[in-house]
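# got a sequence here, can you model it:
(2 chains)
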2 protein chains.
Amino acid sequence: MLIGRGMSTWFTHLDATTSCSSVSVLSAVLRRQRFLIRSLGGNPDQNCSVKMNVFEADVLNVIRRITPTLDLSRHKGQAGKIAVVGGCREYTGAPYFAAISALKIGADLSHVFCTKDAAPIIKSYSPELIVHPVLEESYNVKDEDKGFIANKVLSEVNKWMERFDCLVIGPGLGRDPFLLDCVSEILKHARQLNIPLVIDGDGLFLVTNSLGLVSGYPLAVLTPNVNEYKRLVKRVLDCEVNDDESAAELLSLVKGIGGATVLRKGKSDLICDGDSVFSVSISGSPRRCGGQGDILSGTVAVFLSWARQHVLLAEEDLGIRTMNPTVIGCVAGSALLRKAASITFQNKKRATLTSDIIEYLGMSLDEICPM
Amino acid sequence: MLIGRGMSTWFTHLDATTSCSSVSVLSAVLRRQRFLIRSLGGNPDQNCSVKMNVFEADVLNVIRRITPTLDLSRHKGQAGKIAVVGGCREYTGAPYFAAISALKIGADLSHVFCTKDAAPIIKSYSPELIVHPVLEESYNVKDEDKGFIANKVLSEVNKWMERFDCLVIGPGLGRDPFLLDCVSEILKHARQLNIPLVIDGDGLFLVTNSLGLVSGYPLAVLTPNVNEYKRLVKRVLDCEVNDDESAAELLSLVKGIGGATVLRKGKSDLICDGDSVFSVSISGSPRRCGGQGDILSGTVAVFLSWARQHVLLAEEDLGIRTMNPTVIGCVAGSALLRKAASITFQNKKRATLTSDIIEYLGMSLDEICPM
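Next up, the predicted model:
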């Protein structure tokens, strides 16, 4: 059930308990939600403790608090090192969109790990990206070489892994079984190193079929669109999507997966880490051109890294410290993409393409956090 | 015979019966033409029933009625999924122009199916396109492998086919016999699935030599230029082009092909589906730089998809429902390209290139259908 106070509501804390009797919210969760509400500027006693509205100003405030200040003493890498695992013979645009978006909002370094075929093309889109042509697809690997090649791929990726603040897994990854097996191993290794993961596109295809890859990992974020969400619900809850119970259903889904955060993309983006359900409904662009999900995965990765860093450093900022950095990353990424898409649409109208939105990311963030 | 009422005439319904005695127009056709005339704002009794003028306002009105409104509840794909089959070792610009034009006027997804050599280049033009490197040319295939490779090509393309609202077949396709054999099979499969086809460039070379590929298929649109039209007339009517009888000749040609729509590009674009002949004569650009035909094929594909969707949904819109969506697609695509080319020429003069016109497509459509 969405609780709104007027048209300006961007970011709504949803009541999931009243809409699904099967979801029990424990008292510890309620206490935590009171903290969340307070940290986002609301009054937990004004409504029932699990219902409240949080406004545009709150989202903007969260973005301002986690976005690192820039000063001349900082050095390369401190504002974020992101890697995208994706890009194959068929898809090259998606990993580019994710990786360049990370740079455009302020990350210092953005890497792409893709197949050998995809690398020259992704490199040609921008000299700003560091593109590693290391993944392999089945058509290029003999059966007898698979073990050797898989080890080589893993060792190539793993030697970089510790440097990254977040991995985005999936944009333009494709569904080649050998490639997905290698990516499963990359994902397991990232998990061992406690590196946050944003999983989108074909990464969600992989994870939906192997839930153990993210189950019990609180630093994983899944960002399904309409169809990817349908498949997740079918796999985890063994039922069809019920839009009348969207918050409760999402809470059940996240509990079913166990320990990850899910950002369900839609008219409003719904975000749940198993404790709370948030809705970001700032108006974006009505243009649904392909690639906007890739921008989201790149921006969520950066904000999640910044939120995590902020939570670790800001001892005095109790409000933020009680929040899950994956939730902050999702809320901030969703709000920024929507703002940038809305500005782009005002300028480009029906001709709006994903590349145009990327050009407005920086300006949109600067409007929120002026230098 | 062109019938005009002043300089502002964009879109003229032509009298084909009086200018060619060999063309008989049945009474059913006349009745349908009266419907068309009425739906486009004219009075069928003002002139002879198959002669009348339809003005700029009518074309704009048709474009406004079929162009989908954008709202936040829509999701990716609903505004159109287009695929271009074209692009070989020699030609890469043409399929790019067709595919990017589709996106620029509002399609959500635009794919290209091309040869392995062409794919990296087309991908490098824009990360917005999804480019499939699946077609093969003879120089790359041994005779003994042809059957196997052809099956592989078809299975790669066919697994995507049902997703598309329209295929554009031909831009930059080349004339390699093995490749054209594969494209014939792709075309047959699309036809089985009732997917509209816009056929241009080397696709017309293929179809002119194998008329059965489009004969009897009302969802096929052929968009010949001067030379392609000459070859079609020679093949179907076994005569030279007679510009004094252009409307009647086009009607004969379309009847000879049987069931497809033809858009004859020229000073005025003539469009005929076998029932009526329309003329779009809004002034475009005097620059005849290569590639404008590719823009046309991409825009006709999108408008045809929108018209088809509109005709299926708009039960109350009797005027549009009585019109053939292929004709609507051609009229709208022709008018929009001319408008965009004219605006571009005012700005870029002799330096006008096809890429410049593509940049004005969105603005031109927005002037017709403001948000």
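# how about the contacts made by the residue of chain A at minimum distance from chain B?
As assessed by Cβ to the nearest Cβ, chain B sits closest to residue A:351 within chain A, at 2.2 Å. C-beta here means a position set from N, CA and C on the backbone, and glycine is covered the same way. Listed by Cβ atoms under 8 Å, 6 or more residues apart in numbering or on different chains, the contact partners of residue A:351 are B:104-106, B:361-363, B:365-366.
# same list, those, but as TSV with neighbour count and pLDDT please.
Converted to TSV, the contacts of residue A:351 look like this (neighbours: other Cβ atoms under 10 Å in any protein chain shown; pLDDT from 0 to 100):
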residue	neighbour count	pLDDT
B:104	29	97
B:105	29	97
B:106	27	95
B:361	28	97
B:362	21	95
B:363	17	94
B:365	25	96
B:366	16	94
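# now for those residues: which two are most distant?
Greatest spacing in the contacts of residue A:351, by Cβ to Cβ: B:106 and B:363 (12.5 Å).
# now the residue nearest to residue A:70 when sequence neighbours are not counted: how far from residue A:67?
Excluding the flanking residues, the one nearest residue A:70 by Cβ to Cβ, 6 or more residues apart in numbering or on different chains is residue A:371, at 7.0 Å. Distance of residue A:371 to residue A:67, computed by Cβ to Cβ, to the nearest Å: 11 Å.
# ramachandran coordinates for residue A:197?
Dihedral pair for residue A:197: phi -130, psi 130, per degrees, to the nearest 10.
# before we move on, what about residue A:108?
According to degrees, to the nearest 10, residue A:108 has phi -90, psi -40.
# residue A:371 and residue A:67: which is more packed in?
More neighbours surround residue A:67 than the other of residue A:371 and residue A:67, with 21 against 5 (other Cβ atoms under 10 Å in any protein chain shown).
# got a list of what that one touches?
Counted by Cβ under 8 Å, 6+ apart, residue A:67 has contacts A:106, A:306, A:365, A:368-369.
# tell me which two in those are the farthest apart.
A:306 and A:368 (13.0 Å).
# if you count what's nearby, which of these two comes out ahead?
Higher neighbour count among residue A:306 and residue A:368: residue A:306, with 26 against 17, using other Cβ under 10 Å.
# in which helix or strand would I find that one?
Residue A:306 is part of helix A:292-313, with elements assigned from DSSP states H and E.
# how about the residues of the stretch 251-371 of chain A near chain B?
Residues of the stretch 251-371 of chain A lying near chain B by Cβ under 8 Å from any Cβ of the partner chain: A:266-267, A:283-284, A:286-292, A:348-355.
# report the buried members of these.
In those, burial by neighbour count holds for A:266, A:284, A:286-292, A:348-355, counting by 16 or more other Cβ atoms under 10 Å in any protein chain shown.
# domains of chain A?
Following automatic domain parsing, chain A resolves into domains at A:11-63, A:75-368.
# from these, which stretch is densest packed?
domain A:75-368 (a mean of 21; mean count of other Cβ atoms under 10 Å in any protein chain shown).
# first-to-last residue distance for that one?
23 Å (Cα to Cα, to the nearest Å).
# I figured residue A:163 was touching residue A:81, is that so?
Yes. Counting by Cβ atoms under 8 Å, residue A:81 is a contact partner of residue A:163 at 5.6 Å.
# contacts for the helix or strand containing residue A:182?
For residue A:182, the host element (DSSP H and E) is helix A:177-192. By Cβ under 8 Å, 6+ apart, the residues outside helix A:177-192 that reach it are A:85, A:88, A:113, A:115, A:135-138, A:141, A:146, A:150, A:153-154, A:157-158, A:161, A:164, A:167, A:169, A:173, A:197, A:202-203, A:205-206, A:210, A:213-214, A:217, A:219-220.
# run the chain-centre distance for it.
Its chain's C-alpha centre and that of helix A:177-192 lie 18 Å apart, by Cα atoms, centre = their mean, to the nearest Å.
# mind putting the domains of chain A into JSON lines with distance to residue B:327?
Below are these laid out as JSON lines (distance: least, Cβ to Cβ, whole Å):
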{"stretch": "domain A:11-63", "distance to residue B:327": "48"}
{"stretch": "domain A:75-368", "distance to residue B:327": "23"}
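# which one of these has the lowest average pLDDT?
Of all the domains of chain A, the minimum mean pLDDT falls on domain A:11-63 (a mean of 46).
# so which of the contacts of residue A:351 is the closest to chain A?
Of all the contacts of residue A:351, chain A sits closest to residue B:362, with 2.2 Å by Cβ to the nearest Cβ.
# how close does that closest one get to residue A:349?
Residue B:362 is 6 Å from residue A:349, by Cβ to Cβ.
# what does residue A:251 give?
38 Å.
# same check on residue A:207?
36 Å.
# and residue A:326, what is it in contact with?
A:196, A:218-221, A:261, A:273, A:304, A:307.
# what's the spacing between residue A:117 and residue B:288?
From residue A:117 to residue B:288 the distance is 37 Å (Cβ to Cβ).
# cool, residue A:252 as well?
In terms of Cβ to Cβ, residue A:252 sits 62 Å off from residue B:288.
# residue A:131 is in what secondary structure piece?
strand A:130-135.
# put the alpha carbons of the helix or strand just after that strand into CSV.
Note on strand A:130-135: by DSSP H and E, the next helix or strand toward the C-terminus is helix A:146-161. What follows is helix A:146-161, C-alpha atoms only, in CSV (Å, rounded to 0.1, in the frame of the first residue of the first chain):
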residue,chain,number,x,y,z
LYS,A,146,37.4,-25.5,-21.1
GLY,A,147,39.0,-26.2,-17.7
PHE,A,148,42.3,-24.5,-18.6
ILE,A,149,40.5,-21.5,-20.2
ALA,A,150,38.2,-21.1,-17.2
ASN,A,151,41.2,-21.0,-14.9
LYS,A,152,42.9,-18.5,-17.1
VAL,A,153,39.8,-16.2,-17.2
LEU,A,154,39.4,-16.4,-13.4
SER,A,155,43.1,-15.6,-12.8
GLU,A,156,42.9,-12.6,-15.2
VAL,A,157,39.9,-11.2,-13.4
ASN,A,158,40.8,-12.1,-9.9
LYS,A,159,44.1,-10.3,-10.0
TRP,A,160,42.2,-7.0,-10.3
MET,A,161,39.4,-7.8,-7.9
